[in-house]
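# my questions concern the predicted model and sequence given below.
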Amino acid sequence: MNAQANYYNKLWSLQNFKSVIYAFCKGFADSLKFSDIFFLDSMDQQKNLEKQIEKDQRKERLLHHRGDSPGPSSDNLAKKRALEKRSGKVSSNSNKEPERNLIMERTIKCCVLNGCFFWFSIVVFENFMMPALHWLVLAVLGATAGNTLWSNVVPMLSVTFTTLWILPFYLLSKVVNSIWFADIADTAFAKKSGRPRMMTSFSVSIADTVFTIVVETIFLVQSTIFSMCIPIAAVSKMMSIFHLCLLNALYSFEYKWYNQGLELHKRLAFIESHWPYFLGFGMPLALIASYPDSQVVSGCVFSILFPLFLVSGNQAQVKATFEDVTMKIFNPTIFLSNMIFSRTLAIPGNPQPINSPRVSNSSREPRVSFTTANS
């Protein structure tokens, strides 16, 4: 009996290990499905065209309603007129704005803003302007005096460029990117799932947003602390990448889950109970964005690629493992966040913080309306 029980335990563990690996690979593959970003706008335009054709057909039938039988080509005429309106040959009397490829437009704007303007300006300054100025100083003053002056000028130029260009542009791009990211996520969600669901109340929505920012910030600090506490460099790097993968997956799915009306503690609990899938989903973006040494350049790379992962997350189906493999990776962050909010938002006489979510002990809450692929 003991031998048989050990056999089944090993078989069960092997099957669960395979499911963990499969969920990780499934998440990695789902994160790279960028093709939908090219089709979501066209699919929406096709639906609008079909609605316009149906509307014109009803108008044609109304025109022949006074005893005249509709001609055999009335449907074709309606389709022709709808296509002409679509191509702009016939002016429409409606005041509606023309259909826009919002997802593709916002994605291109993110690439232009963060890549062409911001990142390119840094590359030009560091690789062209600074070497050209260095050569000019050496040509005018000579090697000895030129190098002495240049060693004193370089820090001042770098600080000036950072203060007057990089810092203001970085802050501005963060605000603009957040607006464009929300537009991309909301549009992609609406085209697949319809109208977004709101939180139970406006105050809950505000509290959830504030608490989300605090949790994500502390989770980054947690990643740094865990990495610093590990003396082995390779293991420390893997621990940092592990945190960044889950955080990037949270970023990618957060807009979708928010539109589903799910509060933060449910989102975190779902990631903890399906961490193999989300580890795989967040790995491509984490590896690419962490490659540059500069945090500013890393932020540019993240902002350029993130819209693609937003669309991938909106279309993805989370793969569950064979059995529960919950990892309470967010528990230290949640504990510290609750402690901070309990001190700042506590009501006199009530030690509990206002609207502070708490991660449930149940890793698979039945109220979470996520779609998971069956194993």
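Received the coordinates, thanks.
# can we go C-alpha only for contacts and neighbour counts from here?
OK.
# can you pull out the helices in this structure?
Remark: helices assigned in the chain by DSSP state H are 2-31, 40-63, 74-87, 102-111, 120-124, 130-141, 143-161, 167-193, 202-229, 233-259, 264-273, 275-289, 295-315, 331-344.
# got the CA coordinates for the shortest one in PDB?
Listed next in PDB are the C-alpha coordinates belonging to helix 120-124 (Å, rounded to 0.1, in the frame of the first residue of the first chain):
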ATOM      1  CA  PHE A 120      16.700  59.100 -30.200                       C
ATOM      2  CA  SER A 121      17.500  62.400 -28.500                       C
ATOM      3  CA  ILE A 122      19.400  60.600 -25.800                       C
ATOM      4  CA  VAL A 123      21.300  58.500 -28.400                       C
ATOM      5  CA  VAL A 124      22.200  61.700 -30.400                       C
END
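# could you give the number of residues near the closest residue to residue 239 other than its chain neighbours?
Nearest non-adjacent residue to residue 239, counting by C-alpha to C-alpha, 6 or more residues apart in numbering: residue 227, 6.0 Å away. Neighbour count of residue 227, defined by other C-alpha atoms under 10 Å: 21.
# any idea how far residue 227 lies from residue 148?
Distance of residue 227 to residue 148, given as C-alpha to C-alpha, to the nearest Å: 39 Å.
# would you mark the buried spots in stretch 301-309?
For stretch 301-309, the neighbour count (16 or more other C-alpha atoms under 10 Å) marks 301-309 as buried.
# adding pLDDT and distance to residue 209, write those out as CSV.
Formatted as CSV, these follow (pLDDT from 0 to 100; distance: C-alpha to C-alpha, whole Å):
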residue, pLDDT, distance to residue 209
301, 87, 25
302, 88, 21
303, 86, 20
304, 87, 23
305, 88, 23
306, 89, 19
307, 87, 20
308, 87, 23
309, 90, 21
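# ok, the residue nearest to residue 239 - contacts?
Contacts for residue 227 were tallied using C-alpha atoms under 8 Å, 6 or more residues apart in numbering; they are 236-237, 239-240.
# nearest to residue 324, of the helices of the chain?
For residue 324, the closest of the helices of the chain is helix 264-273, at 6.7 Å, according to C-alpha to C-alpha.
# could you say what helices and strands that closest one packs with?
With contacts defined as 3 or more C-alpha pairs under 8 Å, 6 or more residues apart in numbering; DSSP states H and E, helix 264-273 has these neighbours: helix 202-229, helix 233-259.
# wait, residue 110 sits on residue 178?
No - in this structure, residue 110 is not within contact of residue 178 by C-alpha atoms under 8 Å, at 10.2 Å.
# and the two? which has more neighbours close in?
Taking other C-alpha under 10 Å, residue 110 and residue 178 do not tie; residue 110 has more neighbours (23 against 12).
# how much space between the nearest residue to the more buried one once chain neighbours are set aside and residue 310?
Nearest non-adjacent residue to residue 110, counting by C-alpha to C-alpha, 6+ apart: residue 304, 5.7 Å away. As judged by C-alpha to C-alpha, residue 304 and residue 310 stand 11 Å apart.
# next one, pLDDT for the residue nearest to residue 301 when sequence neighbours are not counted please.
With sequence-adjacent residues excluded and distances taken as C-alpha to C-alpha, 6+ apart, residue 301 is closest to residue 289, at 5.7 Å. At residue 289, the model reports a pLDDT of 88.
# and residue 289, what does it touch?
With C-alpha under 8 Å, 6+ apart, residue 289 has these contacts: 298-299, 301-302.
# need these in CSV (columns: distance to residue 139).
Converted to CSV, the contacts of residue 289 look like this (distance: C-alpha to C-alpha, whole Å):
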residue, distance to residue 139
298, 35
299, 37
301, 37
302, 40
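# list just the nearest of those to residue 275.
Set against residue 275, the nearest of the contacts of residue 289 by C-alpha to C-alpha is residue 302 (21.4 Å).
# now that closest one: closest residue in space, sequence neighbours ignored.
residue 289 (5.5 Å).
# distance of the one you found from residue 157?
To residue 157, residue 289 is 27 Å away according to C-alpha to C-alpha.
# how about residue 267?
Distance, residue 267 to residue 157, by C-alpha to C-alpha: 45 Å.
# who has more neighbours out of these two?
Legend: neighbour count by other C-alpha under 10 Å for residue 267 and residue 157, higher for residue 267 (18 against 12).
# OK, contacts around the more buried one?
Residue 267 sits next to 254, 257 when contact means C-alpha under 8 Å, 6+ apart.
# let's see the pLDDT reported for it.
Predicted confidence (pLDDT) at residue 267: the value is 89.
# before we move on, the earlier item: quick check, the residue nearest to residue 110 in contact with residue 116.
No - judged on C-alpha under 8 Å, residue 304 makes no contact with residue 116 at a distance of 10.2 Å.
# give me phi/psi at residue 329?
Note on residue 329: backbone dihedrals following degrees, to the nearest 10 are phi -70, psi -20.
# which ones are touching it?
residue 272.
# how near is the residue nearest to residue 239 to residue 328?
Taking C-alpha to C-alpha, one finds residue 227 at 17 Å from residue 328.
# and the residue nearest to residue 263 when sequence neighbours are not counted, how close does it get to residue 216?
Leaving aside its chain neighbours, residue 263 sits nearest to residue 208 (6.5 Å; criterion: C-alpha to C-alpha, 6+ apart). Distance, residue 208 to residue 216, using C-alpha to C-alpha: 12 Å.
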